[in-house]
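Asker: This is the structure alone, sequence omitted:
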């Protein structure tokens, strides 16, 4: 079991995508998506590392071809119909021979415009989509990191090296964070922070 912590630079509902009962990380953070395995934990922190944006326990990882074709995730293909649809992260349509088309999405330049070769190269280098049903997504209303877990905070990149004592603390904390009093996953409990702004987050 490993823990990966990083800063969610733009909490828009796109990466991670916490909708339809699944928390998915399909774009951004390619190094985490390559390295994380089922039973590992991923923790996303606010821009200053003070608050928890989300916690997910990786249940499965699919390559982009499998993610595109899995009927459970057709609902995560992007469109401009609703804020949730605009945040769809199932944006890579297989064309065969290892090639993909990047669907118009929050990732496009301009948003919902042309394909962006730079983001496509970075996303596809991650090779996999991380999937979880055991997760909690707080969005803009996440709790502060408690003092005895300050070691999970990170600046740029991500952190995944913790001592055995730290891992024990993190596992107990993550299990308590993601499950309700009946032992069921909490899932999405609040909207992304970008949804409450009038900037160009693309999901407002």
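Answerer: Perfect, I can see it now. Everything numeric in this text was worked out from a predicted model, so none of it was measured. Residues are numbered from 1 along each chain as shown.

Asker: Where is the longest helix in the chain?
Answerer: helix 164-178 (DSSP state H).

Asker: Output the contacting helices and strands for it.
Answerer: strand 3-7, strand 41-45, strand 52-57, strand 134-137 (3 or more C-beta pairs under 8 Å, 6 or more residues apart in numbering; DSSP states H and E). No exception for glycine: its C-beta is placed from N, CA and C like everyone else's.

Asker: in what helix or strand does residue 131 lie?
Answerer: strand 128-132 (DSSP states H and E).

Asker: what comes up buried for that strand?
Answerer: Counting neighbours by 16 or more other C-beta atoms under 10 Å, one finds that the buried residues in strand 128-132 are 128, 129, 130, 131, 132.

Asker: hmm, back to that, is it possible to get JSON lines of the helices and strands packed on helix 164-178 that adds mean pLDDT, distance to residue 93 and mean neighbour count?
Answerer: JSON lines is the format used below for these (pLDDT from 0 to 100; distance: least, C-beta to C-beta, whole Å; neighbours: other C-beta atoms under 10 Å):
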{"stretch": "strand 3-7", "mean pLDDT": "96", "distance to residue 93": "27", "mean neighbour count": "22"}
{"stretch": "strand 41-45", "mean pLDDT": "97", "distance to residue 93": "25", "mean neighbour count": "25"}
{"stretch": "strand 52-57", "mean pLDDT": "96", "distance to residue 93": "25", "mean neighbour count": "26"}
{"stretch": "strand 134-137", "mean pLDDT": "96", "distance to residue 93": "26", "mean neighbour count": "24"}
